[in-house]
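# Below are the sequence and a predicted model; questions follow.
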Amino acid sequence: MRSLRERRTLTVRELSQLAGVDHAYVHRLETGEKTSPSSDVVGKLLRVLKPTDREAEIVRFLADHPDSDDELVMYVLADASIGAEIFAAAAGVRYRGSARPDPATLIERVRRAFE
């Protein structure tokens, strides 16, 4: 959410005023203090942020899955060639033990699985 807001060069207060959402709530969403916003709140924020369809799908996924890996999210947002469906599949992968592959490796494995 923060990267979309910053791309539009909006402050938290400006975003909250335009979306009709309390600025403290927007701040808590961005910092991870609050998770799982309602679809109504997500819709209001997305209307103001004007993301691409892909980015909107990712935001909606994250609203329902707040425990997603931050590193994976940032990697996917930086690479527009990674579709929302690939991201969702990669975010849903669970691992045994502590050996989690880096985002690039994980995305490549998911892409191969989809092929």
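Sure, I can see it. Residues are numbered from 1 along each chain as shown.
# OK, contacts around the residue nearest the centre of the chain?
A centroid search over the chain (Cα atoms, centre = their mean) returns Val59, at 4.0 Å, as the residue closest to the centre. By Cβ atoms under 8 Å, 6 or more residues apart in numbering, the contact set of Val59 is 1, 4, 42, 45-46, 51. C-beta coordinates here come from the backbone N, C-alpha and C atoms, glycine included.
# what about Asp40, how many neighbours?
Using other Cβ atoms under 10 Å, Asp40 is surrounded by 9 other residues.
# Output the helix or strand it falls within as PDB, restricted to C-alpha atoms.
According to DSSP states H and E, Asp40 maps onto helix 39-49. Output in PDB follows, covering the C-alpha atoms of helix 39-49 (Å, rounded to 0.1, in the frame of the first residue of the first chain):
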ATOM      1  CA  SER A  39     -13.200  -5.200   1.100                       C
ATOM      2  CA  ASP A  40     -15.000  -1.800   1.300                       C
ATOM      3  CA  VAL A  41     -11.900  -0.100   2.700                       C
ATOM      4  CA  VAL A  42      -9.600  -1.800   0.200                       C
ATOM      5  CA  GLY A  43     -11.900  -0.700  -2.600                       C
ATOM      6  CA  LYS A  44     -11.900   2.900  -1.400                       C
ATOM      7  CA  LEU A  45      -8.100   3.000  -1.100                       C
ATOM      8  CA  LEU A  46      -7.600   1.400  -4.500                       C
ATOM      9  CA  ARG A  47      -9.900   3.900  -6.200                       C
ATOM     10  CA  VAL A  48      -7.600   6.700  -5.000                       C
ATOM     11  CA  LEU A  49      -4.300   4.800  -5.600                       C
END
